[in-house]
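S.K.: Following is a predicted model, sequence given first.
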Amino acid sequence: MITIYFTDNSLTFVPEDYTPSAGETVLTESEVTSANLDNLFENCNTIVVPTADCKGAYSRFAARFAFVEAAGGVVTDELDRVLMIFRRNRWDLPKGHIDSGEDALSAAKREIEEETGVSGLKFVSELNNTLHAYNVYGRWELKRTYWFAFTTIQTATTAQSEEDIEAAVWCSDDEIDSNLEKSYPTIIEVMYEYRRTSKNTMG
């Protein structure tokens with residue numbers, strides 16, 4: 001399965017034998033066209049597209065977008081708190097576009113430093129990557145964000161106000177759960193993957 005998020009909505013290419021859940025709208029690949037992208041979620045929040053070839057269907061759909069890449073991370077401190085940012089009335093994780101000639105891991109470190117002021121990042125592991133589509137002044141973009149786990153002992157934060165970041169905060173598990181209620185589906189997915197892999201790493 002391959003999921004593309006449209007802010008709070010999602011479109012997922014699923015195998016042909018997939019059984020839709022309540023609340024999921026089933027469309028064919030031919031119904032998901034360039035012409036109806038703006039109206040795709042007028043009457044639903046979650047769309048599934050059954051197909052014999054998820055990768056092929058995704059590739060055909062993705063060809064309609066300008067493709068961009070970004071990177072970000074889940075950063076923990078010595079108390080196992082997670083660094084989150086508050087921007088545009090939502091809780092988020094630090095991330096940003098990958099510069100030309102830059103690899104994803106380097107971009108993630110740079111963006112975290114720029115957005116939160118936190119440095120001394122030590123790489124722990126690769127996490128998942130997410131797909132997010134959005135309309136920028138009439139041009140549809142599809143962003144793939146690569147996510148990594150880091151640790152640091154340097155906890156002083158400085159929120160990057162130029163990027164509309166109001167706060168960069170170290171959060172406990174309970175605070176994370178509360179913040180995720182005011183976050184994005186992509187961030188919920190990343191935190192789920194981080195928690196899953198962290199448990200496996202700890203045995």
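M.R.: The structure has been received and is ready for your questions.
S.K.: For the nearest residue to residue 142 once chain neighbours are set aside, give me its contacts.
M.R.: Leaving aside its sequence neighbours, residue 142 sits nearest to residue 65 (Cβ to Cβ, 6 or more residues apart in numbering; 3.6 Å). Just so you know, the C-beta spots here come from the backbone N, C-alpha and C atoms, and that holds for glycine as well. By Cβ atoms under 8 Å, 6 or more residues apart in numbering, the contact list for residue 65 reads 133, 140, 141, 142.
S.K.: what's the answer for residue 44, then?
M.R.: Applying Cβ under 8 Å, 6+ apart, one finds that residue 44 lies in contact with 9, 25.
S.K.: quick one: it is in a strand?
M.R.: No: read with DSSP: H, G, I helix; E, B strand; the rest coil, residue 44 is coil and lies in no strand.
S.K.: and it, what pLDDT?
M.R.: You'll see residue 44 listed with a pLDDT of 89.
S.K.: Please apply the same query to the one 5 residues further on.
M.R.: In this prediction, residue 49 carries a pLDDT score of 95.
S.K.: Name the SS class of it, please.
M.R.: Using three-state DSSP, the structure places residue 49 in strand.
S.K.: Just the buried positions in stretch 89-97, please.
M.R.: For stretch 89-97, burial by neighbour count (16 or more other Cβ atoms under 10 Å) applies to 91, 92, 93, 94, 95, 96.
S.K.: tell me the pLDDT at residue 22?
M.R.: On the pLDDT scale, residue 22 is placed at 89.
S.K.: How much space separates it from residue 42?
M.R.: According to Cβ to Cβ, to the nearest Å, residue 22 stands 19 Å off from residue 42.
S.K.: elements contacting the longest strand anywhere in the chain?
M.R.: As assigned by DSSP state E, the longest strand anywhere in the chain is strand 122-136. Contact analysis of strand 122-136 by 3 or more Cβ pairs under 8 Å, 6 or more residues apart in numbering; DSSP states H and E lists strand 2-6, strand 139-151, helix 185-201 as its packing neighbours.
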